[in-house]
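>>> Fold the following, please.
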Amino acid sequence: MYQITNKTIECNRKDGDKNNNTSDKNVRIIFSSIKGDEVNSLAQYLKIFSENSINLKHIESRASLNEHSGLEIFVECEPSENLNQVILSLESETSRIRILDNIDEIPSFPRCIQDLDQITKEIWSSGELEADHPGFTDEAYRKRRKYFTDVSNSYKSGQPLPRVEYTAEEIATWGSVFRKLIELYSTHACKEYNQIFPLLIEHCGFREDNIPQLEDVSNFLKRRTGFQLGPIAGLISVRDFLAALAFRIFHATQYIRHPSQPLYTPEPDICHELLGHVAFLADSNFAQFAQNIGLASLGASDEYVEKLGACFWVTFEFGLCTENVKLKAYGGGLLSSFGELQYAIEGKAEMRPFDPINAAKESLTITSYQPMYYVAENLKDVRDRMIQFSKTIPKKFGIHYNPYTQNIEVLTSKTQVQSLLENLHQQTDVLLDTLKRV
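Numbering: from 1, shown residues only. Predicted coordinates:
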């Protein structure tokens, strides 16, 4: 028997069971029939394999645990050059399909966007404040944080992001932060930020007297780069945060810092998320950089996830670049902190050229200004260097994100890679033909 959960695939085998002795070269596929078509579906699907001369080694079926599907069908078959056509046919006639990997070699990680829902239940902190938090003794603030936790925990992938009616006090806190920071952006932020920030004002309601809604911002990002926001109640692990980026999902908080200290927060809040990060998620180069780090993290060892997290910290959060020999900020931690933005740009700390190998060794500083900042040539430089660094992460498989299904495809055979290359070749031919016409 086999069992599928949101995050893992398990095969229950007994030693000596001949039915379960499988070759590592065989391909294992699981797919679900469309609900209401259970009677004839199994025969119809198996006919697809027969018509393409695919030799089946093992077949199992059962009622689906998914309310939107009918049967779940597991097949094991020999590899064939016709297998790509079978998969394409199944994709058009089933509600879900997944190629299973060698369970003993492929670690567990999210494979479809719905798997990310589990992340919201595995956060490090969700409204529970530390004793040194400015709002620790404020019962009204603590109650409000509990509200945001409940709102976040009720969200599921595919739903509209929950809208929040912010209080006058919360809007005033946002306004204090917004007013201070926009005074610095023209001189302290990089050109990409200053090109996109006016669009956030125009399309997403970024202004002093209004806290933008995540749903409006997420829709804007999706139109620009395919990124979307996902509400989160508090801090999550580096591995979980990076895994979401692989699907172009950025987890963002909706609560706001305590009004007693509007220019300080000991944790990410909506000011940090929206003023620090959103603009870059709307930039194609930076969006690709963020997703690349996420994809690199999938299936990586804890050691390399920690290294990726350090690289993420010194770039995505506290990165600097140069423009006309001047320092500019692109890190969200800087662009959402009035004090540290000035501190960094004025060169009061040590500066080093960005190098992922050295950056991966850095310890994270979260209770004070950073003692040192990495400076890149530009955002493309950051992206290209991280792509090269990601190639050094040891894995026995490849990762491919399918933007049409929003699924992660694990590549363990040449057949899979060749299929992807064929699709890319077709797209390249179309672009080359277009290039001749324009």
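
>>> Low-confidence ranges, this structure, go.
For the chain, the stretches with pLDDT under 70 are 1-25, 35-40, 64-69, 101-105, 120-127.

>>> let's go with 80 and repeat that
Counting by pLDDT under 80, the low-confidence segments of the chain come to 1-25, 34-41, 62-71, 92, 94-96, 98-107, 118-128, 364-367.

>>> What segments of it are strands?
2-4, 9-11, 27-34, 56-63, 69-77, 96-100, 228-231, 249-252, 320-323, 326-329, 350-353, 372-376, 398-402, 407-411 (DSSP state E).

>>> Just want the angle from the third one to strand 96-100.
Computed with axes from the mean of the first three to the mean of the last three C-alpha atoms, to 10 degrees, the direction of strand 27-34 lies at 170 degrees from that of strand 96-100.

>>> what comes up buried for strand 27-34?
Of all the residues in strand 27-34, those buried under the rule 16 or more other C-beta atoms under 10 Å are Val27, Arg28, Ile29, Ile30, Phe31, Ser32, Ser33. C-beta here means a position set from N, CA and C on the backbone, and glycine is covered the same way.

>>> List just the nearest of the residues you listed to Tyr343.
Comparing those against Tyr343 with C-beta to C-beta places Ile30 closest, at 53.1 Å.

>>> Report the separation between the closest one and Thr322.
To Thr322, Ile30 is 50 Å away according to C-beta to C-beta, to the nearest Å.

>>> rewinding a little: turn the buried residues of strand 27-34 into a markdown table, columns for distance to Ala189.
Listed next are the buried residues of strand 27-34 as a markdown table, based on distance: C-beta to C-beta, whole Å:
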| residue | distance to Ala189 |
| --- | --- |
| Val27 | 50 |
| Arg28 | 49 |
| Ile29 | 48 |
| Ile30 | 47 |
| Phe31 | 48 |
| Ser32 | 47 |
| Ser33 | 52 |
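
>>> quick check, nearest of those to Glu183?
Among those, Ser32 lies closest to Glu183 (C-beta to C-beta), at 54.6 Å.

>>> sorry, back to before: mind checking the strands of the chain for the one nearest to Tyr343?
strand 372-376 (9.6 Å).

>>> Sheet-wise, list the partners of that closest one with their directions.
The sheet places strand 372-376 alongside strand 320-323 (parallel), strand 350-353 (parallel), with pairing taken from DSSP bridges.

>>> Can you tell me, leaving aside adjacent residues, what's nearest to the spatially most central residue of the chain?
Compute the mean C-alpha point of the chain, and by C-alpha atoms, centre = their mean the closest residue is Leu245, 1.6 Å away. Spatially, and ignoring its direct neighbours in sequence, Leu245 is nearest to Gly294 (3.0 Å; C-beta to C-beta, 6 or more residues apart in numbering).

>>> Check the burial of Lys380 by counting its neighbours.
By the criterion of other C-beta atoms under 10 Å, Lys380 has 14 neighbours.

>>> 22 is where my numbering starts, stick with that
Got it, the first residue is 22 from now on, which makes the last one we talked about Lys401.

>>> pretty sure it is touching Asn306, no?
Yes: counting by C-beta atoms under 8 Å, Lys401 does reach Asn306; the two are 5.4 Å apart.

>>> Now do the buried residues in stretch 367-379.
By 16+ other C-beta under 10 Å, the buried positions in stretch 367-379 come out as Phe375, Pro377.

>>> typed the wrong thing, it's stretch 356-370
Buried-residue list, stretch 356-370, by 16+ other C-beta under 10 Å: Leu356, Ser357, Ser358, Phe359, Glu361, Leu362, Tyr364, Ala365, Ile366.

>>> Stretch 418-427 too?
By neighbour count on 16+ other C-beta under 10 Å, the buried set for stretch 418-427 is Phe418, Ile420, Tyr422, Gln427.

>>> Which parts of this structure belong to which domain?
As assigned by automatic domain parsing, the chain contains the domains 23-121, 134-411.

>>> what sits against Pro128?
Residues near Pro128 by C-beta atoms under 8 Å, 6 or more residues apart in numbering: Gly320.

>>> and the gap between the residue nearest to the centre of the chain and Phe218?
As for Leu266, its distance to Phe218 is 22 Å (criterion: C-beta to C-beta).

>>> And the helices in the stretch 122-271 of the chain?
In the stretch 122-271 of the chain, the helices defined using DSSP state H, counting those that start in this stretch lie at 160-174, 189-209, 212-225, 235-245, 259-267.

>>> of all these, which lies closest to Ile80?
Evaluated over the helices of the stretch 122-271 of the chain, closeness to Ile80 peaks at helix 259-267, with 31.9 Å, by C-beta to C-beta.

>>> List of residues touching the closest one?
Here helix 259-267 makes contact (C-beta under 8 Å, 6+ apart) with 130-131, 137, 140, 143, 251, 271-272, 311-312, 314-319, 323, 326-327, 329-330, 333, 420, 422, 429.

>>> if we can go back for a sec, TSV for the strands of the chain, including distance to Ile192?
As requested, those are arranged in TSV below (distance: least, C-beta to C-beta, whole Å):
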stretch	distance to Ile192
strand 23-25	45
strand 30-32	47
strand 48-55	46
strand 77-84	51
strand 90-98	44
strand 117-121	43
strand 249-252	19
strand 270-273	18
strand 341-344	31
strand 347-350	26
strand 371-374	37
strand 393-397	32
strand 419-423	37
strand 428-432	39
